[in-house]
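Trainee: Predicted structure and sequence below. I'll ask about it afterward.
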Amino acid sequence: MASTSTLSRRRGAGATSANPPHSSTSTPAPSSSILAHPSPSSSRPVTPALPAQGGHKIVYDERDLSDANEDRINPRLTLMEEVLLLGLKDKQGYLSFWNDNISYTLRGCIVLELALRHRIAMVRDPNRRRFPLADRYIEVVDDRLTGEVLLDEALKMMKVSERMSVGTWIDLMSGETWNVMKIGYQLKQVRERLAKGLVDKGVLRTEKRNFLLFDMATHPVADPTFKDDVLRRTLSLLTTRTAAVPTSSLYGETVRYRTIRAVSMVCAAFAANVLENALVHLSYDARETAFAKCDELLAEFSQWPFGASVRPPPSSSAAAGAGIGAGGSATNAESANLAEINRLARSEIVGQGAGDQVGGAEQQTMRELHLEVVAACVEVFRRMDSLL
């Protein structure tokens, strides 16, 4: 008996036996409402818990539910991811080892994407028109996070930094600068981080391949639907035989600036030397025609306002033989196509068919400042041969 009482005292109140006695002073089980309210020291704003199935309560953050409009007006893949998909080998899962332009172009696509998402804009200074587009300063006008890691990282850098031009930001993020004081602005491992983001979205998968002396992670295509959409969009812009822009083959109707976004993606793919992959199945003549049309898009969208040198197609037979467009080498149909693209681009500036409503002269001015950054990025892409 002595040993039994000693064992009971050692086990104490926290001990349990095979048949524990019922006690009216037992500690009650924690309620689910206690788990539904985090500590006051949490940095995220706490929203009252919502009732869920089974009587439990769920805590949510308002910022997690406020991006419905962002998801509606932005495509699922960013410009950087689409350009990477065009350059990626479907089965091998890696880019060409001889492509030196894609790294620089991807940094330009980051600036492009931030402008199309209305996060950055040109500094509203009338004196900026004295400088080339790529030398004009940009600023952050909306510091809300986008949900994309690379975009948010670049946005934070631009927020805390002094104002710099479009060309300077692309140089700094790509490491193409001699200023050792700003080496911290370089974004590293962009291609690998983009590929891992596509793996998270279900577009790619991760494999390990052996390259003689070392193993390397590769990312073959897991869902070809997304890449097929990019290819179809590219071919629709560059191989159309009509003067009308095939808007039905571009992004969805709710996507903001869908025409400008599609043209920007094609221009970026051309600068990154991956456009050839989208045109590889065309004949030689069709491929040359597609590249010529892409050159015209680069020339017309690298100026502000877009297509300032494009005139309507000639109405009389006397003017039908005159060359129209960049350098006077474009045919009448090509010039009409460019004019139609620019007409749609201007309509999207004021919010028609772009998922936004017209909000007065102030909002229209802001949209123009956003798209002026797009024109500056295309200008950088057009000068890639002299920059690299």
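Mentor: Perfect, I can see it now.
Trainee: what sits opposite residue 217 in the beta ladder?
Mentor: residue 208 (DSSP bridges).
Trainee: Now for it, how many residues are close by?
Mentor: Residues near residue 217, counting by other CB atoms under 10 Å, number 14. C-betas here are computed from N, CA, C, even on glycine.
Trainee: State the distance from it to residue 83.
Mentor: Distance, residue 217 to residue 83, by CB to CB, to the nearest Å: 20 Å.
Trainee: Likewise for residue 285?
Mentor: With CB to CB as the criterion, residue 285 and residue 83 are 26 Å apart.
Trainee: Over to residue 366?
Mentor: As judged by CB to CB, residue 366 and residue 83 stand 27 Å apart.
Trainee: When the two are compared, which one has more neighbours?
Mentor: Each of residue 366 and residue 83 has its neighbours counted (other CB under 10 Å); residue 83 has more, 27 against 17.
Trainee: Show residues contacting stretch 207-225.
Mentor: Counting by CB atoms under 8 Å, 6 or more residues apart in numbering, stretch 207-225 makes contact with 85, 88-94, 192, 195-196, 198-199, 202-206, 227, all of which sit outside it.
Trainee: and if we set it to 7 Å?
Mentor: Among residues not part of stretch 207-225, those counted as contacts by CB atoms under 7 Å, 6 or more residues apart in numbering are 90-94, 195, 198-199, 202-206, 227.
Trainee: out of these, which are inside helices?
Mentor: Counting by DSSP state H, the part of the contacts of stretch 207-225 found in helices is 195, 198, 199, 227.
Trainee: I'd like the average pLDDT over stretch 171-181.
Mentor: In this model, stretch 171-181 carries a mean pLDDT of 82.
Trainee: My guess is residue 268 contacts residue 105. True?
Mentor: Yes - between residue 268 and residue 105 there is a contact under CB atoms under 7 Å: 5.5 Å.
Trainee: For those two, list the residues in contact with both.
Mentor: Here residue 268 and residue 105 share the contacting residues 83, 381, scored by CB under 7 Å, 6+ apart.
Trainee: Please say which of those two ends up with more neighbours.
Mentor: A count of neighbours by other CB under 10 Å puts residue 105 above the other of residue 268 and residue 105, at 29 against 25.
Trainee: so which strand or helix has the more buried one?
Mentor: Assessed by DSSP states H and E, residue 105 sits inside helix 101-116.
Trainee: Regarding the residue nearest to residue 148 when sequence neighbours are not counted, what are the backbone dihedral angles?
Mentor: Excluding the flanking residues, the one nearest residue 148 by CB to CB, 6 or more residues apart in numbering is residue 78, at 6.0 Å. Residue 78 has phi and psi values of phi -80, psi 170 when expressed as degrees, to the nearest 10.
Trainee: which secondary structure elements does the helix or strand containing residue 139 contact?
Mentor: Element membership for residue 139, per DSSP H and E: strand 137-140. On a contact count with 3 or more CB pairs under 7 Å, 6 or more residues apart in numbering; DSSP states H and E, strand 137-140 meets strand 120-122, helix 149-160.
Trainee: now the strands for the stretch 201-350 of the chain?
Mentor: 207-211, 214-218 (DSSP state E, counting those that start in this stretch).
Trainee: so which of these comes closest to residue 184?
Mentor: When the strands of the stretch 201-350 of the chain are compared by CB to CB, strand 214-218 sits nearest residue 184, at 26.3 Å.
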